[in-house]
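Chemist: Fold the stuff below for me.
(2 chains)
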Number of protein chains: 2
Amino acid sequence: MSSLRIALAQLNVTVGDLDGNRRLIEQAIRQAHAWLADLLVVPELAITGYPPEDLLLKPSFIEANAAALRRLIPLIPSGLVVLVGYVDRDLQGRLYNAAAVLTGGRQIATYRKQCLPNYGVFDEKRYFTAGTQSVVVKVAGWRVGVTICEDLWEEQPAQDLAEAGCHLMANLSASPYYAGKLPMRQRVFSHRAKAHHMAIAYCNLVGGQDELIFDGASLVLDARGRVRAQGRQFREDHLIVDVLPEWLGAAGNIRSRIAGKQRVRPLVAASQPPLFGHLEEVYEALVLGLRDYVRKNGFEKVVLGLSGGVDSALTACLAVDALGANQVVGVVMPSRYSSRATQADARALAKVLGIDYREISIEPAFRAYLSILRPIFKGCAPDTTEQNIQARIRGNLLMALSNKFGWLVLTTGNKSELATGYCTLYGDMAGGFAVIKDVPKTLVYQLAWWRNRSGREGRIPSRVLRRAPTAELAAHQIDQDTLPPYPMLDRLVHAYVEEDRSVREILRENRAPAHTVQHVVQMIDRSEYKRRQGAPGMKITPKAFGRDRRMPITNRYHQSQ
Amino acid sequence: MSSLRIALAQLNVTVGDLDGNRRLIEQAIRQAHAWLADLLVVPELAITGYPPEDLLLKPSFIEANAAALRRLIPLIPSGLVVLVGYVDRDLQGRLYNAAAVLTGGRQIATYRKQCLPNYGVFDEKRYFTAGTQSVVVKVAGWRVGVTICEDLWEEQPAQDLAEAGCHLMANLSASPYYAGKLPMRQRVFSHRAKAHHMAIAYCNLVGGQDELIFDGASLVLDARGRVRAQGRQFREDHLIVDVLPEWLGAAGNIRSRIAGKQRVRPLVAASQPPLFGHLEEVYEALVLGLRDYVRKNGFEKVVLGLSGGVDSALTACLAVDALGANQVVGVVMPSRYSSRATQADARALAKVLGIDYREISIEPAFRAYLSILRPIFKGCAPDTTEQNIQARIRGNLLMALSNKFGWLVLTTGNKSELATGYCTLYGDMAGGFAVIKDVPKTLVYQLAWWRNRSGREGRIPSRVLRRAPTAELAAHQIDQDTLPPYPMLDRLVHAYVEEDRSVREILRENRAPAHTVQHVVQMIDRSEYKRRQGAPGMKITPKAFGRDRRMPITNRYHQSQ
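Modeler: The predicted structure is shown next:
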C-alpha cells in the first residue's frame, strides 16, 4: 500500500457566484494535478457557496449549479479523484446536499449527506432530503469514504464506513466559526478516527457570509486521532498531505496486502501552522468576516461614527485591518453632551489609524427637532426621547454619507448593549453591518488591549480604554447608571442567552442580586423588537442574536424566578 | 351508534402566556361540559401558543408548559374527552408537538405529531421529533383518531387511521392564513374524508402572532367530504356539532352495530356562517393581525404618518377598525415638496376617521441637515440622499412621539415598495409593525375602494384614490418615474417572489419588456439588505417577505435571463 496524496482546497467561495466558485475549483484541480495528488477535496456546497438559503427554492438556481458542475467534469484527469460539493436533484425533484465523485472526465458516484443539521444557524431540512447510502471510492489503493460536514459529528456514518473497510474518511465541510470551536472539532474528529480506525481528511470552507464566518483550519488526522496536518485559520489555503500507510496503525498493516501500484514521488512535509491564541483568533475572525461582507457586497469604503469610546475604536481598528486605512472614514458628531476628552480621543484615534476623518456637529439638527417637537412635548419632562433623537440624528448623517458616496455604514454596538436594548433603533443601530454585535463588552476591552499590544499600526489611546463607558446622550451619564457592571452583565447574558438558563438556575450559579438578574432578563426579553430590526453582524459565540436565536416578539413568557 | 357531540374551541391564545392560555382552555372545558359534549378539541399547541419558536429551547419553558397541562387534568369530568395541544418531552429530552388525551381526571393517551412542516414559515424540525404512532380513542362509541395540523395535509396518517377503523379524525391545528387558503383547505380535507371514509373535525387557531395571522374557520366534514359546520373567520368561536352516524354513509351503517349507549339530548343545529368575499377576507385578516400585535404587546395607542396617499390612508382605516378611532394618532409632516392637495387630503382623512391628528413641518430639521452636510456635500448634485433625509426626519419624529408617549409606530409601506426597495430604511420603514407590507399596491387600491363601499365609518377622500402615486420627496415626482406601472410591477413581483420564476419564464408568461423584467428582478435582489431591517408585518400571500423567504444578503446569483 503506497501513500495517498491528498489535496485539501480550503476555498473562499461566495454564495450564488456559480461562475466564480467554479473557477476557484478549477484552479484547485490544476494545482492538485500539478502536485501529483491522488485525491482533491473541496468544501461542502463549494459550487453554490454556503448557506445558499432560499436560492435553493429557485429551480433555475439548481439548474445553474448542475451546469457549473458539468463544466468541471471534463477537466479532471484520470489519475485524480475530486470530491466537489454541489446540490443534487433526483427525478422526483428532491434536493440533496451532495458530493460529486469525479475522475477521468466522468462523475463516477454521488454521495448525499445523511445527517442534516437543523438547529442553531442551520436550516438544512428546509431544503434537503437526507441521503441513506455510504459511498466508498477506491483511490490509489485506498478505500476512501465520503461524508459531508455534520456526518462527521454523528456516529453512524463513520460506523457504516468502518464496516465497509474504509481506510480514510474524506469530509467536505462548511462549519461556522465560534470562539472555542476548533479544539472541540479536534476532539470529536480525533475520537471518531480512533473509534473507527480510519484517517480523516476534513476540508473546511473559509470566508464570511452574512452572519457567519467560516474559519478554514482544515485537518488531517491519522487513525490514532493525532492531527497530522492543519490548514491555516481564516485564510484560503491549499493543503497537500501524504497520508502514509503507517498512519493507519494496525489497520494499515493488515490492509497493505490490497495495495495498488506504487507511484514515485518525493513525500511532502505536512504543514501545521501554529494556532492563534484566543484573542487573536476572535480578532482575525472579525477581520475576515468584515472584509468579506464589504467586498462580496461590492463596497469599497466603509464609514463609522467615532465617539471616543472603546466600541467605535475597536470597530475602526477592525475596519482598518480588514480593508486598509484609506478605505475607512471616521465621523465625529459632537453634541452639547460630548466632552472635550472623548472628542479629542476620537480625533486622535482617526489620526493614529491614518483614516479619513470628518466632523459634523449635530447641534443644529438637535435644536431643530427640539423646536418642532416643543408644541407637542409641552409639559413633558426630558427623558430617553431626547437621547434617542441625538442617536438618530447621527444615524441619519451616516446614512446620508452612505447614500451620497456609496460607503457602507458600520455600526459599533456590542453584544451587551444589543442584549439589554441599551442602544437606539435607527440611531446607533443604523447601518449595513454590525461588526461587533456578538462581542460582549468585556471582550471588546480585551480585544482592544490585545490589539494595542499586537504591534499593529495605530494604538487606541489608553484613555479610551480606561474611561468609564458613557453614551454621552445626557449630562454626566455613564452606562452603569442603567446597567449592572459589565463583568456581571456579561455573565448574566451568557447564562440567559447562550445557555438558556432560567432565572432560578442563574441565581444558583452566579453571585448576583436577584433584582439585578430579573432586571437583566427583563431587558433582554423586551428588546427582541429592536434586535429584529438590527443590522446583520458576525457570530463569534455559540449563540449569537440573529438566525441563531429565533425568539418571538409577541411573547408573554416572563420568568419571575 | 348514537351521535357524537363535538365542541371545537377556536381560541385566540398568546405565545408564552401559559397561565392565560390555560384559563382559556378551562373556560372551553366548562362550556363543552355544559353543552353535554362528548369531545372537545382545542388548537395545536394551545398551551404555549403557536409558534413558540426558540422559547422551546428553554427547559424552564417546557416544564412550565407541562405544569399548565397538569393543572387542567383534574378539571375534566369522565363524560368528556378533551384533546389539548402541548409540548411533550420524552425521557431522552426530545420534544414532541403533542396532543394530550384527557378524560375523567386522567391523561389516558398522548398523540405525537408525525408530519412536521419545515418549509415556508415553519421550522418544526428545529424543535420537534416526529411521532410514529397513531392514536385512536373510543368516545361515546365512536373511534376517534387524533392528528395535528400537517398530519391532515399528508396521506399516511389518515391511511393509518382508516386501517384502525376510525370513524372520525380530530385535528388540532394552527394553520397560518393567506388569501385563498380556505378553499384549498376545504378541498384537501374533503378529499381526505372521502378517500378514507371518515368524518373530520378540524379545530384551527385564531389570532395574530408577529408575522402570522391564524384565521380560525374550523371545519367539520362528513365522510363524503361535505362541510357540515364551520367556525367563524378571524374571531374566537366555540362550535358545537352533533356528528350523526349517517354522516359516515355506508361506513356508519356497517359500524353502527358497535355503538355505545344512547345519550338523550336534543340535537344542535350546526352553524355555517357565510364566508367573507376576497377583499373583505383580506381586510378582516389585517384588522385581526394588527389588533393582536398591538394588544398582545401591551400597547394602547398607535401613531402613523399621514401623507395624503393611499397607503397611509388604508393603514389608518385598518388601525381605526382594529383599535377604535380614539386609539389612533395621525401625523402630517409636510415639507417643501408637499402639495396643498395631499396635505388637505391627509387632514380630511383624519377628520372623517375621527382620529387624533398632529401637524409637524419637517422643514426646520431638513434645513438643519442640509446646512450641516453642506461642507461635506460640496460639489455634489442633489440625489436620493436628500430625499432619504426627509423620509428619515419623518421616521425620527414618529419615533420621538413613540418614545415620549408610548405609542406604537405603524409603517405604511406596501409589498410592491418593499420588493423593489422603493422605500427608505430608517425613514418610512421605521416603526414597530408594518401593517400592509405583504399587500401589493394594486391590492391596496382595491382594499381602499372596498372599504369605502363597505359602509364603515369615514370614507377615504376619492381624490386620494385617483391621484397618481407620489412619494413627494422631490419636485414633480411620481412613483412611475422609477417603477413600471403597478399592475405590471405586481405581476412581476408575484412571479419572481411568490412563484420563484426565472427571468426567462417570466418573459414567456408575461407581456412585459425584457429590460423592465430585468430591472425589477435586479431591484428585488438588491433590496434584501433593506428588508432584513424592516419592521415585522403580516403575511397575507402564499409567500411574504420575512421568515417565509430567507434570502442571503451576500448573494452574487443574478439572472440575466
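Chemist: Spell out which parts of the stretch 151-300 of chain A neighbour chain B.
Modeler: Counting by C-beta under 8 Å from any C-beta of the partner chain, the stretch 151-300 of chain A comes close to chain B at A:208-210, A:292-293, A:296-297. C-beta: built from backbone N, CA, C; applies to glycine.
Chemist: Reformat the residues you listed as JSON lines; add pLDDT and neighbour count.
Modeler: Shown next, in JSON lines, are those (pLDDT from 0 to 100; neighbours: other C-beta atoms under 10 Å in any protein chain shown):
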{"residue": "A:208", "pLDDT": "98", "neighbour count": "28"}
{"residue": "A:209", "pLDDT": "98", "neighbour count": "27"}
{"residue": "A:210", "pLDDT": "98", "neighbour count": "28"}
{"residue": "A:292", "pLDDT": "98", "neighbour count": "23"}
{"residue": "A:293", "pLDDT": "98", "neighbour count": "27"}
{"residue": "A:296", "pLDDT": "98", "neighbour count": "23"}
{"residue": "A:297", "pLDDT": "97", "neighbour count": "18"}
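Chemist: pLDDT below threshold where in chain A?
Modeler: Scanning chain A for pLDDT under 70 picks out A:250-264, A:560-561.
Chemist: Quickly list what the residue most central in space within it is bridged to.
Modeler: Most central in chain A under C-alpha atoms, centre = their mean is residue A:213, positioned 1.7 Å from the mean C-alpha point. According to DSSP bridges, the partner residues bridging residue A:213 are residue A:208.
Chemist: likewise residue A:199?
Modeler: In beta-bridge terms (that is, DSSP bridges), residue A:199 pairs with residue A:168.
Chemist: count of residues packed around it?
Modeler: 31 (other C-beta atoms under 10 Å in any protein chain shown).
Chemist: give the contact list for it.
Modeler: A:167-169, A:193, A:220-223, A:243, A:247-248 (C-beta atoms under 8 Å, 6 or more residues apart in numbering or on different chains).
Chemist: how about the helix or strand where residue A:464 lies: buried residues?
Modeler: Per DSSP states H and E: residue A:464 is located in helix A:462-466. Within helix A:462-466, the residues scored as buried using 16 or more other C-beta atoms under 10 Å in any protein chain shown are A:464-465.
Chemist: For that helix, which outside residues touch it?
Modeler: A:308-310, A:313, A:341, A:345, A:349, A:445, A:448-449, A:452.
Chemist: Mind doing that once more with 6 Å?
Modeler: Outside helix A:462-466, the residues within contact range by C-beta atoms under 6 Å, 6 or more residues apart in numbering or on different chains are A:310, A:313, A:345, A:448.
Chemist: gap between it and the chain center?
Modeler: Relative to its chain's centre, helix A:462-466 lies at 29 Å (C-alpha atoms, centre = their mean, to the nearest Å).
Chemist: Give me the packing partners of the next helix or strand after that helix, helices and strands only.
Modeler: Using DSSP H and E, the next helix or strand after helix A:462-466 towards the C-terminus is helix A:486-493. For helix A:486-493, the contact count by 3 or more C-beta pairs under 6 Å, 6 or more residues apart in numbering or on different chains; DSSP states H and E identifies helix A:415-420, helix A:441-453 as packing neighbours.
Chemist: Check chain A for its longest helix and report it.
Modeler: helix A:384-405 (DSSP state H).
Chemist: Would you mind listing the buried residues in that one?
Modeler: A:385-404.
Chemist: Can you get me a residue count around residue A:92?
Modeler: 6.
Chemist: again, but for residue A:14
Modeler: 24.
Chemist: and it, backbone torsions?
Modeler: For residue A:14, the backbone dihedrals (degrees, to the nearest 10) come out as phi -120, psi 130.
Chemist: Spell out which residues sit in contact with it, please.
Modeler: A:49, A:296, B:556.
Chemist: which bits of the stretch 401-550 of chain A sit near chain B?
Modeler: A:403-404, A:426, A:430, A:500, A:502, A:533, A:549-550 (C-beta under 6 Å from any C-beta of the partner chain).
Chemist: mind putting these in JSON lines, secondary structure included?
Modeler: Formatted as JSON lines, those follow (DSSP: H, G, I helix; E, B strand; the rest coil):
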{"residue": "A:403", "secondary structure": "helix"}
{"residue": "A:404", "secondary structure": "helix"}
{"residue": "A:426", "secondary structure": "coil"}
{"residue": "A:430", "secondary structure": "coil"}
{"residue": "A:500", "secondary structure": "coil"}
{"residue": "A:502", "secondary structure": "coil"}
{"residue": "A:533", "secondary structure": "coil"}
{"residue": "A:549", "secondary structure": "strand"}
{"residue": "A:550", "secondary structure": "coil"}
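Chemist: By neighbours, which of those wins?
Modeler: Counting by other C-beta under 10 Å, top hit in these: residue A:430 with 28 neighbours.
Chemist: That one and residue A:393 touch, don't they?
Modeler: No - taking contacts as C-beta atoms under 6 Å, residue A:430 lies outside contact range of residue A:393: 10.6 Å.
Chemist: picking that back up, for the contacts of residue A:199, which one is nearest residue B:457?
Modeler: residue A:169 (70.8 Å; C-beta to C-beta).
Chemist: neighbours of that closest one, just the number please.
Modeler: Neighbours around residue A:169, by other C-beta under 10 Å: 27.
Chemist: doesn't residue A:200 make contact with it?
Modeler: Yes - using C-beta under 6 Å, residue A:169 is in contact with residue A:200, at 5.0 Å.
Chemist: For the nearest residue in space to residue A:207 that is not next to it in sequence, give me its contacts.
Modeler: Leaving out its chain neighbours, the residue that sits closest to residue A:207 by C-beta to C-beta, 6 or more residues apart in numbering or on different chains is residue A:12, at 3.6 Å. For residue A:12, the contacting residues are A:206-207, A:236, by C-beta under 6 Å, 6+ apart.
Chemist: which parts of stretch A:545-552 are buried?
Modeler: Quick answer for stretch A:545-552 (16+ other C-beta under 10 Å): A:545-552.
Chemist: now stretch A:34-54
Modeler: Those would be A:35-54, for stretch A:34-54 by 16+ other C-beta under 10 Å.
Chemist: Could you look up the SS state of the residue lying farthest from the centre of chain A?
Modeler: Residue farthest from the centre of chain A, counting by C-alpha atoms, centre = their mean, is residue A:379 at 49.0 Å. Here residue A:379 is coil, with the state taken from three-state DSSP.
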